[in-house]
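Engineer: Next comes the sequence, and after it the predicted model I'd like to discuss.
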Amino acid sequence: VVHRVIAGLAPGVPVIDVTHLIPRQDVRKGALALWRSAPWLAPGVILAVVDPGVGTSRRAVAVEVRQAGAVLVGPDNGLLLPAAHRLGPITGAVALAHHPVVGATFAGRDLFAPAAAQIATGVDPRALGEVVEAASLVGEPVPDAELLEGRARAEVLWVDRFGNAQLNLEWKDAETLATPMTLEVADSSYVVRCVWAYEDLEPGEIGLVVDSYGLMSISANRESASAITGAVVGDTVWVSQG
Amino acid sequence: VVHRVIAGLAPGVPVIDVTHLIPRQDVRKGALALWRSAPWLAPGVILAVVDPGVGTSRRAVAVEVRQAGAVLVGPDNGLLLPAAHRLGPITGAVALAHHPVVGATFAGRDLFAPAAAQIATGVDPRALGEVVEAASLVGEPVPDAELLEGRARAEVLWVDRFGNAQLNLEWKDAETLATPMTLEVADSSYVVRCVWAYEDLEPGEIGLVVDSYGLMSISANRESASAITGAVVGDTVWVSQG
Amino acid sequence: VVHRVIAGLAPGVPVIDVTHLIPRQDVRKGALALWRSAPWLAPGVILAVVDPGVGTSRRAVAVEVRQAGAVLVGPDNGLLLPAAHRLGPITGAVALAHHPVVGATFAGRDLFAPAAAQIATGVDPRALGEVVEAASLVGEPVPDAELLEGRARAEVLWVDRFGNAQLNLEWKDAETLATPMTLEVADSSYVVRCVWAYEDLEPGEIGLVVDSYGLMSISANRESASAITGAVVGDTVWVSQG
C-alpha cells in the first residue's frame, strides 16, 4: 500500500525495498541496517519506518544531508541518525506537519510515504513542516572503535542471521595491527587471523573477516561465530597485537 | 515469473506486490487482505490469486468497478468480491477464456497475469472472455456490524501477526457509543477505552484502537490482544455503553 | 542494495526478483529454481547469486545463450548451467574481471550487479573480462529421464514447500505410458493416475500431476506427497505401465 501511495504521488520514481525483516519495534536493528546500507542508497530519498511510538508525540521528520544528495524521512526516534551521520553533516531538519486522518496508526502510509514521494518529485522538505534544529533530533551516530597503541576497543554492533558478529572496527584500522592478533570477547580469548573470505578459515576456526561493508566481523566458516564465542550485540571486544 | 510475464505484455506498467504472505489456500484471509487495502489500490488493475480450486471448473473472472477505475482479476471463488463491493457497484464481469496449456496448474502465470497485463494496457475485459452476470459471481461482501441502541454487534474479521483482532466496526459508528464501553468477546467482558495508538494503552490493558483502515481493533500495548482475550476470527463481539 | 546499484548503472531497466528463498549456500536448489523458471525469464539478463565460495578462486562469469537472447551472470559454481542449457546452446562465456574492493565478501553488489547492469544497457560481456571456453564452466545440465519400453526411470529434482516431488519427467513422455501406472519410489509402489489438478486426486491418493512447468510431480490433494511417500531429492523413481 505504501508503494501504491508513492506511485500515485510520484509516478515513474523508482522505489527500492531495502528490507522488511527488521524485528517489530527494534529501532536499533533498523538504525544499524540503514547505517550499513546508507552509502549505497544515496543519492535519493530514504524512507524508513520502525515506529513503536506511532500515534504518540514523537515527531515525524525529514533530515537532509546535502553532501550526499540525501533526505531521510521517518520517525524521530533514533532510526535515521546513524545513517544520516554516516552520509555527511546534517544540513537541515523538518518536523513534518501531520494531517490527522482517521485511524492514524499507519503513519508509513499516511504521512511518511506522501512526504517522501513529494520530496522525490522535487518539493522542498521545508514546505512540508516546520524547520527544527538538527541538534534536537533523537539518536546518535554509531560509536567509532577506540584505537590505542597496539590494540583496539570495539563493540559488537550486529549479529547477522549467519552468526557473524559485526564490529565497529574498520578494515583500514585493523590492518595497522600485526597478525596474529588476540581477540577478547565474552570472557574468552582467541588467537585470530584476518582473512578476506569465510572459506579462508579452517573448520572451527574463529577469525576476523572483512565484510562487505568494509568492517571487521567475528566469523567462522559455515558456522555461527556468535554461537561459538557467545558474542552478542553490545559486547565490548578487544583486538590486540600478538 | 508472473512479474516477468506482465513486463513482457505491458512494458512500463508499474506492478506493486501487495502481499505474498497469505497462508496457502486461505481464500478468506486473502479476500480480507484485499478488502482492507482495496481503497488504496484503485484506480488500477488488481490481480489476486489464492486458488485451491485451480484446474477444476471454477471460473477465472475479471470484475469491473467503474466508479473506482478498477478491474479485479482472479479466480471466482470469493477472493475478489469483498474488495470489489468495497470499491463500488460492480459494473461488469467476464469469465476469462482459458487457453489450455500443458500443465495448467499455474493459472497465475498462464491466465491471470496475461489477462491483467492486457487490461492494464487498455484492452477491454469483454474481449478476453464471455460476459457473465455479476449476480453469478462467488462470494459476498464483508458483513457490516449491527448497530442497536447503545450497543453494537460486530465480528472478528482478522487477527494480524501482532495479535490485534480487527472488527468490522467502523470508527464513525463506535464513536457514537460513550466511553467507557464494555467489550464482550469469547465469554469474557472487559471495560475498555477507545484510543488512537497502541502506546496509549497501559501495560496489560485491553482496548479498542482505531486502526490504519478506519476500523476498530481489539488491541493491547506490545502484547497480543488475541492471546489475552482468546478472540479468534469469526467470533461475535458485543460493544456496549457503560 | 543490489537493486540500488543496478538502478544507478542502468536507469529505467526493470528488475524483477525471482526468489530470495533459496536456502543459504544451497547451489543445487538455486540451480533448479533457475532451471525451472528460465524459459519465462528470457530474453534478458539473468543475475543469480548462491555463492558459498565467495572470496575464493571460483570464477565470476557471464554466460551467453544467443538463441534465447539471454546472458546469465553469477558465480561459476554450477548455479547457472542447468538454466543456460535449458535456454539453448551456450554461445559465449566470459570470466568477469574482478576489481578488488575492500571487504569483497558481497560480490553480488560489487561485481555481479554492476556487470549485469552494464550488459542490460548493451555493453558486450566480452568487454567485462576474459573470454573462456564454455566447456570449462562448472556444472551440468539437469539429467533427462531415461525412457525404456513401457517404463521410465526418473529422478526427484525438487520438493516444493507443499510437498510436491517434482520429477525430471516431461508430460509429453509420461503420456506415452498407459494409465493406470505403477509408481515406484522410496521402496514402496503405488498405482497412480495422471491428472491435471491436485483437486482431481481423492483425499489420501498419490498421483502424478502435470505441474506448471510441463513436468510430472508426485502429488497429493492438500497433503504433502513427499511426507506420505518418503520421496526426497535425488531419489530414483520408476514409472511403468499397468
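Structural biologist: The structure has been received and is ready for your questions. Numbers count the residues shown, from 1 in each chain, chains lettered A, B, ... in the order given.
Engineer: tell me what the top strand by length along chain A is packed against?
Structural biologist: As assigned by DSSP state E, the longest strand anywhere in chain A is strand A:151-159. Packing partners of strand A:151-159 (3 or more CB pairs under 8 Å, 6 or more residues apart in numbering or on different chains; DSSP states H and E): helix A:27-41, strand A:146-148, strand A:165-170, strand A:236-241. Glycine gets a C-beta too; all of them are placed from N, C-alpha and C.
Engineer: CA atoms of the longest one as PDB?
Structural biologist: Taking C-alpha atoms only, helix A:27-41 is exported to PDB below (Å, rounded to 0.1, in the frame of the first residue of the first chain):
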ATOM      1  CA  VAL A  27      14.700   0.600  16.300                       C
ATOM      2  CA  ARG A  28      18.300  -0.200  17.000                       C
ATOM      3  CA  LYS A  29      18.400  -3.000  14.500                       C
ATOM      4  CA  GLY A  30      16.600  -0.900  11.900                       C
ATOM      5  CA  ALA A  31      19.000   2.000  12.500                       C
ATOM      6  CA  LEU A  32      22.000  -0.300  12.000                       C
ATOM      7  CA  ALA A  33      20.600  -1.800   8.900                       C
ATOM      8  CA  LEU A  34      20.100   1.700   7.500                       C
ATOM      9  CA  TRP A  35      23.600   2.800   8.600                       C
ATOM     10  CA  ARG A  36      25.200  -0.200   6.900                       C
ATOM     11  CA  SER A  37      23.500   0.300   3.600                       C
ATOM     12  CA  ALA A  38      23.200   4.100   3.500                       C
ATOM     13  CA  PRO A  39      26.400   4.700   1.400                       C
ATOM     14  CA  TRP A  40      24.900   2.600  -1.400                       C
ATOM     15  CA  LEU A  41      21.400   4.200  -1.200                       C
END
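Engineer: touching chain C at all, the worst-scoring helix or strand of chain A on mean pLDDT?
Structural biologist: Every helix and strand of chain A was ranked by mean pLDDT, DSSP states H and E. The lowest is helix A:171-174, at a mean of 76. Yes - using CB under 8 Å from any CB of the partner chain, helix A:171-174 reaches chain C at A:W171, A:K172.
Engineer: how about that helix: buried residues?
Structural biologist: For helix A:171-174, a neighbour-count test (16 or more other CB atoms under 10 Å in any protein chain shown) marks A:W171, A:D173, A:A174 as buried.
Engineer: now, among those residues, which is nearest to chain C?
Structural biologist: A:W171 (5.5 Å; CB to the nearest CB).
Engineer: Name the nearest residue to the closest one, sequence neighbours excluded.
Structural biologist: Closest residue in space to A:W171, ignoring its immediate chain neighbours: A:V210 at 4.7 Å, by CB to CB, 6 or more residues apart in numbering or on different chains.
Engineer: And for A:S224?
Structural biologist: A:G163 (2.5 Å).
Engineer: Can you classify the one you found as helix, strand or coil?
Structural biologist: Three-state assignment for A:G163 (DSSP: H, G, I helix; E, B strand; the rest coil): coil.
Engineer: how near is it to A:V232?
Structural biologist: Look at A:G163 and A:V232: by CB to CB, to the nearest Å, they are 11 Å apart.
Engineer: Pick out whichever of these two has more residues nearby.
Structural biologist: The neighbour count for A:G163 versus A:V232, taken as other CB atoms under 10 Å in any protein chain shown, is higher for A:G163 (19 against 12).
Engineer: and the more buried one, what does it touch?
Structural biologist: If a contact means CB atoms under 8 Å, 6 or more residues apart in numbering or on different chains, then A:G163 has A:S219, A:A220, A:E223, A:S224, A:A225, A:S226, A:A227, A:I228 as its contacts.
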